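# please find the sequence and the predicted model below.
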Amino acid sequence: FSSIGDIVQSTSPLKTIRNVFPDSQITFLTLNEYASLLEMNPNIDFLISTKRNQKFNKLLELRNYLKSKKFNFIYDLHNSIRSNIITYGIPGKVYRIKKPRLARSLLFFLHINKFDRNFSSLEIFHKNLGQIWDKNDKIPSTYIKISTFEKEKANKFINSKGINSEFVAIIPGAAWNQKQWSSKNYITALKQIKLPAVLLGSKKDIICNEIASGYNKAVNLAGQTDIRLAVSIISNANKVVGSDTGLVHAAEALGKNVIMIMGPTSKETGGGTVRNKSIVIEKDIFCRPCSQNGKFPCYRSNKECMDSILPEDVLSAIASKD
């Protein structure tokens, strides 16, 4: 129920569940705003969505509906108040994700890292699936399905915006300002890349406006696409660069090798990349990570974890992919 990134990551354990129970009917429950990400997913038979601010009595109605379906297994990949209310009293074996809250608190507040060197958020999902997964089993990649029609529609859309050649998809925004690389640095890097840039995000991502005003080959689509169109545009991109944010995770689920600029978050917070050829650009600063999602204000006057990443770092990463 939480975010685009978490929904994308949940498609990995979903594949594991399908592999173990190939003939089962799998129902996936999420919020309305994220449901379209899961359209045409071969590991989902029924997709149910609910509103973010659903009233309590409506949650109980949903619970009663789910109760009537008589599931054999319930995998709660969020373990929130909402997910506990919805699954309370439903027959069937319930497996709930156990988040490493203590380890994260030690890391954020005391900078004591108790996480395994090879820790990944996908492994956390899998460890809470019960006996159907063993630590020696391979963890499937994340997955989003985009149709040929959607890819063609996205291509025509950006053609109408003046882009008729190779382009780089830039996803500079984030839920919290601390996770954003500066617009000045993006502009400097883009002027060296010299490719047209498609800027994607929500209408709240003012940084897209700032980048577009400083780079004349940028097309600002922030707030002009729904999730499916944004993801379809990304599927056509030659390069994908952005923050530790949902659409960058979605790009990897499309099979794209991305360049992720990561500051206050880290792999221990559930951030980072999952594909071997994707690149995370980060600096080893003692105070990071400082929170799970980057929402804590920095105690410094500047964002050292982000400001110490230079355009040259991004250009070098891009060059390594050419």
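That came through, no problem. Residues are numbered from 1 along each chain as shown.
# list the residues that contact the nearest residue to Ala230 once chain neighbours are set aside.
Leaving aside its chain neighbours, Ala230 sits nearest to Leu200 (5.1 Å; criterion: Cβ to Cβ, 6 or more residues apart in numbering). Where C-beta positions appear, they are placed from N, C-alpha and C, glycine not excepted. By Cβ atoms under 8 Å, 6 or more residues apart in numbering, the contact set of Leu200 is 169-171, 208, 221-222, 225, 230, 233-234, 247.
# swap in Thr87?
When contacts are counted by Cβ under 8 Å, 6+ apart, Thr87 touches 63, 66, 74, 76, 94.
# mind listing which of those are in helices?
Using DSSP state H, the subset of the contacts of Thr87 located in helices is 63, 66.
# what about the helix or strand where Glu61 lies, average pLDDT?
Counting by DSSP states H and E, the element that carries Glu61 is helix 56-68. For helix 56-68, mean pLDDT rounds to 93.
# which one's the longest helix in the protein?
Under DSSP H, the helix in the chain containing the largest number of residues is helix 4-20.
# average pLDDT for that helix?
Averaged across helix 4-20, pLDDT comes to 96.
# immediately after that helix, which helix or strand?
On the C-terminal side of helix 4-20, the closest following helix or strand by DSSP H and E is strand 27-31.
# wait, isn't Gln67 in contact with Gly89?
Residue 67: Lys, not Gln. Yes. At 7.0 Å, Lys67 counts as touching Gly89 under the criterion of Cβ atoms under 8 Å.
# neighbour-wise, which of those two wins?
Legend: neighbour count by other Cβ atoms under 10 Å for Lys67 and Gly89, higher for Lys67 (16 against 8).
# identify the residues contacting that one.
So Lys67 contacts 89-91 (Cβ under 8 Å, 6+ apart).
# hmm, back to that, just the angle between the helix holding Glu61 and strand 27-31, please?
Using axes from the mean of the first three to the mean of the last three Cα atoms, to 10 degrees, the inter-axis angle of helix 56-68 relative to strand 27-31 is 170 degrees.
# could you pull out the buried residues of helix 56-68?
Neighbour counts over helix 56-68 (16 or more other Cβ atoms under 10 Å) mark 59, 62-63, 66-67 as buried.
# same question, stretch 311-318
For stretch 311-318, the neighbour count (16+ other Cβ under 10 Å) marks 311, 313-314, 317-318 as buried.
# where's the dip in pLDDT among those residues?
Across these, the smallest pLDDT goes to Ile318, namely 90.
# residues in contact with it?
193, 239, 241, 259 are the contacts of Ile318 under Cβ under 8 Å, 6+ apart.
# give me that answer again for 10 Å
By Cβ atoms under 10 Å, 6 or more residues apart in numbering, the residues touching Ile318 are 168, 189, 192-193, 195, 239, 241, 259, 279.
# what do you get for Asn185?
If you count contacts by Cβ under 10 Å, 6+ apart, Asn185 has them with 172, 211, 261, 306-307, 309-314.
# my read is that Pro196 contacts Tyr215, right?
Yes. If you go by Cβ atoms under 10 Å, Pro196 and Tyr215 touch, sitting 9.5 Å apart.
# need the residues touching each of those two.
By Cβ under 10 Å, 6+ apart, Pro196 and Tyr215 have these common neighbours: Leu190.
# which stretches of the stretch 1-150 of the chain form strands?
Along the stretch 1-150 of the chain, the stretches classed as strands by DSSP state E, counting those that start in this stretch are 27-31, 46-50, 73-76, 93-96.
# buried residues, the second one. List them.
Right, the one you point to is strand 46-50. Neighbour counts using 16+ other Cβ under 10 Å place 47, 50 of strand 46-50 among the buried residues.
# shaky segments in this protein?
The model of the chain has pLDDT under 70 over residues 321-322.
# need the helices for it, in chain order.
Counting by DSSP H, the helices of the chain are 4-20, 32-35, 56-68, 81-87, 101-105, 121-127, 148-159, 183-193, 206-214, 227-235, 246-253, 304-307, 311-321.
# can you redo those helices as CSV with distance to Ser291?
Output for these, formatted as CSV (distance: least, Cβ to Cβ, whole Å):
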stretch, distance to Ser291
helix 4-20, 15
helix 32-35, 22
helix 56-68, 28
helix 81-87, 20
helix 101-105, 9
helix 121-127, 15
helix 148-159, 34
helix 183-193, 22
helix 206-214, 20
helix 227-235, 25
helix 246-253, 17
helix 304-307, 12
helix 311-321, 23
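# which of the ones you listed sits most buried?
Mean neighbour count (mean count of other Cβ atoms under 10 Å) peaks for helix 246-253 among the helices of the chain, with a mean of 26.
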